[in-house]
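Colleague: below are the sequence and a predicted model for it; my questions follow.
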Amino acid sequence: MRSRYVASLLGASALFVMTAGAAIAAPAQHAGTPATTSKGHSAHVASASVAAPLAGVGCGGSGSSRYCVVNVQDVKGVSEPYPVIFDRNTGIPTLVSGLISITCWYYGNAPSGYANDGVLDHAVIPVVGHIPDPYVNLGDENPWQSPWDLPECG
């Protein structure tokens, strides 16, 4: 009986920590809320921290099923400093903050005004699309380098 009590307390504590962490990391705006980029373009706002499959940064899977949950970051010195994921079907930018999940990378250029290093990361959470690599915080590493070790998109 005592072990069940201790186990339930540990479970409740873990749930509290995860919920509190998500609440702290979540932006004030809600997913799907219209927003405007610095050039006045219409964009959607999505909170990746709410939908992320892991509570923090890290990678899972292997080979072509590998994915990483990572933070996004603002990039100073460009006309569009805030991270957006370009929807795979429509190309509409979705403003993101917090954690996103990426699965692979490919060579390509971001639209004019966005930070560009010639690499785009394929995002699957909170929106399926691509995000210019400079907006993904990989600790000054490329997505194909350790510890990320993401495959090139096929």
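Modeller: Sure thing, it's come through. Residues are numbered from 1 along each chain as shown.
Colleague: remind me, longest strand of the protein?
Modeller: For the chain, the longest strand by residue count, based on DSSP state E, is strand 99-107.
Colleague: identify each buried residue in that strand, please.
Modeller: 99-105 (16 or more other C-beta atoms under 10 Å). Any C-beta I mention is one placed from the backbone N, CA and C, and that applies to glycine too.
Colleague: same thing with stretch 76-96?
Modeller: 78, 80-87, 93-96.
Colleague: which residue ranges form the helices in this protein?
Modeller: 2-25, 48-51 (DSSP state H).
Colleague: mean pLDDT for the ones you listed: which is lowest?
Modeller: The weakest mean pLDDT among the helices of the chain belongs to helix 2-25, with a mean of 34.
Colleague: what's the closest of the buried residues of strand 99-107 to Asp74?
Modeller: Ile100 (13.9 Å; C-beta to C-beta).
Colleague: is it true that that closest one touches Tyr135?
Modeller: No: using C-beta atoms under 8 Å, Ile100 is not in contact with Tyr135; the gap is 9.3 Å.
Colleague: between those two, which contacts overlap?
Modeller: Contact criterion C-beta atoms under 8 Å, 6 or more residues apart in numbering; residues shared by Ile100 and Tyr135: Val72.
Colleague: to what extent is Cys59 buried, counted in neighbours?
Modeller: When counting by other C-beta atoms under 10 Å, one arrives at 17 neighbours for Cys59.
Colleague: contacts only, for it.
Modeller: Applying C-beta under 8 Å, 6+ apart, the residues near Cys59 are 66-69, 147-150.
Colleague: noted, bye for now.
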